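> this one's sequence-less:
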């Protein structure tokens, strides 16, 4: 098979390219810019384009498939050439379905927790040497790539994102997978640039539920009342299994989960992570892992990359970075750190980085999200707002939206960096939340 990637440098795209290369496919690709870690990883496998930019000459009738990344535009010259030649053009999720259509597909969806739950499942399966194909949204310990494809494995575990598939396929990614086994972790309005109303956003999850294969299984978080309502209303002929946060305690900074064999210590913490764990357990049980086997394996799970990832710890200080950016996840993550470190000052920092978070109409969704922190900081790039041609935000606007008069607001990266580098972190749990990089914050310079 000969496959060409348009926009090969993306986080998801380059992983799929490597997975197909390792499967024996002939893989080529193009992009206008590629940065690390994608660049180094593509180079390692001989897949890095010799030059950056688009080249229609790379598109020929000899190609079996073209995979189009979301980063590409609708007028991309390689795309236009492929369309003119009548080649088969796939979006990233569409090609993953093509690779898994003869397998049992396990799809993990929801507004938050997708990556963590998928990571938990893969950790447990890996621990028990149960081989599966997979696609996950973060780099995991013990896994070389975020995508793995074979001919022989029976299951494919997929993280089901609700964002759009490609510039020419505006369906949410998780609508393309047609799962046999599915999980939904909850619904909290996101991607407002695409889904203009909460009702429109919820509709995408209704469609997903209806696309579960007849006779399949849906595992869902019954603590999310909106989700519970649409699951119970669905007439799809599937088995519906609810889950909820298990009983747990926190002692000396360690979370213990209640099991039939007694309380078991975990490497992870936070109510939202324990809720994720309950969902992952049901998925694993439906894949042939019994409860005792699940607990044995999950005890060593330390979390997915950038999901409450501990980057520094001393006797008096602990520093975490987290991918949290949506209001519900920011709230849950902040609360988790405060619950775990009751005797420390929690300093929570949030970068407003996404289109939704920088939109004044959506900003009010963050009301109370940082309340559990002793001190809170919000950083956003005023320059980035101007580049995106979005209306400017004011400090008072942000403080009102979060409902904290004592909120510190920074709009220049240098000012924010200077504050963090020089702040005393004695007896402090520092939490850095962002889907960006705080304008180039050097995590190694943060004092501990």
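Sure thing, it's come through. Note that the coordinates shown come from a computational prediction; the quantities given were computed from them, not determined experimentally.

> Centroid-nearest residue for the protein?
In the chain, the centroid-proximal residue (CA atoms, centre = their mean) is residue 115; its distance is 4.6 Å.

> Secondary structure class of that one, three-state.
helix (DSSP: H, G, I helix; E, B strand; the rest coil).

> From residue 340, how far out is it?
20 Å (CB to CB, to the nearest Å). The C-beta positions use only the backbone N, C-alpha and C, and glycine is treated the same way.

> now swap in residue 104 and tell me
With distances taken as CB to CB, residue 104 is found 37 Å from residue 340.

> same question, residue 235
As judged by CB to CB, residue 235 and residue 340 stand 42 Å apart.

> With residue 159 instead?
With the distance defined as CB to CB, residue 159 ends up 26 Å from residue 340.

> now residue 266
Where residue 340 is concerned, residue 266 sits at a distance of 11 Å (CB to CB).

> which residues are in contact with both of those two?
Shared contacts of residue 266 and residue 340 (CB atoms under 8 Å, 6 or more residues apart in numbering): residue 255.

> buried ones in the helix or strand of the chain with the lowest mean pLDDT?
Every helix and strand of the chain was ranked by mean pLDDT, DSSP states H and E. The lowest is helix 382-387, at a mean of 80. If you call a residue buried by 16 or more other CB atoms under 10 Å, then helix 382-387 has these buried ones: 384, 385.

> Would you check the distance separating it from the middle of the chain?
Remark: helix 382-387 is offset 25 Å from the chain centroid, using CA atoms, centre = their mean, to the nearest Å.

> returning to what we had before: residue 235 and residue 340: who's more crowded?
Neighbour count, other CB atoms under 10 Å: between residue 235 and residue 340, residue 340 has more, with 20 against 7.

> Strands along the stretch 51-200 of the chain, start to end?
Shown for the stretch 51-200 of the chain, the strands assigned by DSSP state E, counting those that start in this stretch span residues 65-68, 89-91, 104-109, 133-135, 147-148, 155-159, 164-166, 169-172, 181-184.

> now swap in the stretch 301-448 of the chain and tell me
Counting by DSSP E, counting those that start in this stretch, the segments of the stretch 301-448 of the chain that form strands are 309-313, 317-322, 345-351, 375-379, 408-410, 428-433.

> now, of those, which is deepest in the fold?
Across the strands of the stretch 301-448 of the chain, averaging neighbours per residue (mean count of other CB atoms under 10 Å) puts strand 428-433 on top, at a mean of 25.

> quick one: strands adjacent to it?
Note on strand 428-433: by DSSP bridges, its sheet partners are strand 317-322 (parallel), strand 345-351 (parallel).

> Give the rounded mean pLDDT of it.
Strand 428-433 comes out with an average pLDDT of 95.

> Ok, stretch 297-308 next?
85.

> low-confidence ranges in the chain?
Within the chain, the ranges that satisfy pLDDT under 70 run 447-448.

> Helices along that one, start to end?
For the chain, helices defined by DSSP state H occupy the ranges 11-22, 38-44, 77-85, 92-100, 114-127, 198-210, 225-233, 271-286, 291-298, 327-340, 360-363, 382-387, 395-402, 413-422.

> Name the nearest residue to residue 412, sequence neighbours excluded.
Spatially, and ignoring its direct neighbours in sequence, residue 412 is nearest to residue 382 (7.3 Å; CB to CB, 6 or more residues apart in numbering).

> and the closest residue to residue 271 other than its chain neighbours, what are its phi and psi?
Using CB to CB, 6+ apart and skipping the chain neighbours, the partner closest in space to residue 271 is residue 245 (5.7 Å). Per-residue torsions, residue 245: phi -60, psi 130 (degrees, to the nearest 10).

> Quick check, residue 245 in contact with residue 275.
Yes. Residue 245 lies in contact with residue 275 (CB atoms under 8 Å); the separation is 4.3 Å.

> out of those two, which sits in the busier spot?
When residue 245 and residue 275 are compared for neighbours, residue 275 comes out ahead with 23 against 17, by other CB under 10 Å.

> Please give me every residue in contact with the more buried one.
Per CB under 8 Å, 6+ apart, neighbours of residue 275: 113, 185, 221, 223, 243, 244, 245.

> cool, residue 188 as well?
111, 112, 326, 327, 328, 329.

> Could you do residue 355 as well?
By CB under 8 Å, 6+ apart, the contact list for residue 355 reads 192, 193, 388, 390.

> And for residue 124?
Contacts of residue 124 were listed using CB under 8 Å, 6+ apart, and they are 280, 284, 289, 293, 294, 297, 298, 301.

> right, and the strands of the stretch 51-200 of the chain - which one's nearest residue 199?
Nearest to residue 199, of all the strands of the stretch 51-200 of the chain, is strand 169-172, at 15.1 Å by CB to CB.
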